[in-house]
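Asks: below are the sequence and a predicted model; questions follow.
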Amino acid sequence: MDESCSDFGVWLETGVAGSFSLLAFPYLETIGFLFLVPELPKSKNWSKAVWIGSAISGTMYLLMMVLTIATLSEGVMANLTFASYFVARTIEIGDFFQRFEVVITVFWYISIFFRLVMLLHISVQGLGEAFGLKNKNTLFLPLVLLGIVASGIIWPNFAYLIDFMKVWPLYAMIFGIAFPVCLWIMGKVKKLKT
């Protein structure tokens with residue numbers, strides 16, 4: 001009985017730790033995109049779009065992970081950094097369709113580019129509002145240069161990136177949970193005063 005409880009405890013601890021890091025990367029970062037809600041033409045339906053988008057992306061991510069684990073096994077997948085890339089590299093249909101990892105790489109670069117552009121836009125708009133700037137676009141070049149320099153300092157190589165990802169969920173919680181909750185509370189207090 002003790003052995004099965006111990007195994008369940010280890011399984012639960014590992015699952016919660018893994019889920020916490022996965023929650024931090026795709027979902028807590030998307031809270032920043034809610035900054036763009038006022039710019040949407042029909043901003044009253046944004047909440048439904050966020051929930052549907054999160055459900056669809058979460059389901060696709062879960063399906064991809066289940067299929068990857070079923071294909072490679074959990075032992076092999078645990079030792080791979082980019083397991084889906086490895087699976088795509090091994091796909092070969094006949095002798096004609098090969099090298100599917102190039103397609104995944106192109107999609108990664110396109111999605112990373114759009115994500116960075118949107119995060120840059122959010123940062124510029126937020127800092128412009130915070131400092132009361134009339135022309136917020138003047139912040140684009142300094143933020144881009146700061147980001148390029150900071151990326152070389154924070155992540156000089158892949159080993160540092162892996163080490164940083166251990167503490168990244170804590171940083172993501174600041175901007176994904178604490179900051180929005182503080183803004184929400186401030187908004188409620190402001191409404192009560194008026």
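Replies: Everything's here; your move. Numbers count the residues shown, from 1 in each chain.

Asks: what about this structure, any weak spots by pLDDT?
Replies: Within the chain, the stretches with pLDDT under 70 are 1-21, 25-26, 43.

Asks: Phe113: neighbouring residues, count only.
Replies: Using other Cβ atoms under 10 Å, Phe113 is surrounded by 10 other residues. Glycine gets a C-beta too; all of them are placed from N, C-alpha and C.

Asks: what's the offset of the helix or strand encompassing it from the middle of its chain?
Replies: Secondary-structure assignment from DSSP states H and E places Phe113 in helix 101-131. Put simply, helix 101-131 sits 11 Å off its chain's centre (Cα atoms, centre = their mean, to the nearest Å).

Asks: ok, now stretch 57-75?
Replies: 18 Å.

Asks: which residues touch it?
Replies: Pro26, Met77, Leu80, Ala83, Ser84, Phe86, Val87 (Cβ atoms under 8 Å, 6 or more residues apart in numbering).

Asks: tell me the two of those that are most distant?
Replies: Across those, the longest distance by Cβ to Cβ is 20.1 Å; it joins Pro26 and Phe86.

Asks: hmm, back to that, can you pull the buried residues of the helix holding Phe113?
Replies: For helix 101-131, burial by neighbour count (16 or more other Cβ atoms under 10 Å) applies to Glu101, Leu119, His121, Ser123, Val124, Gln125, Gly128.
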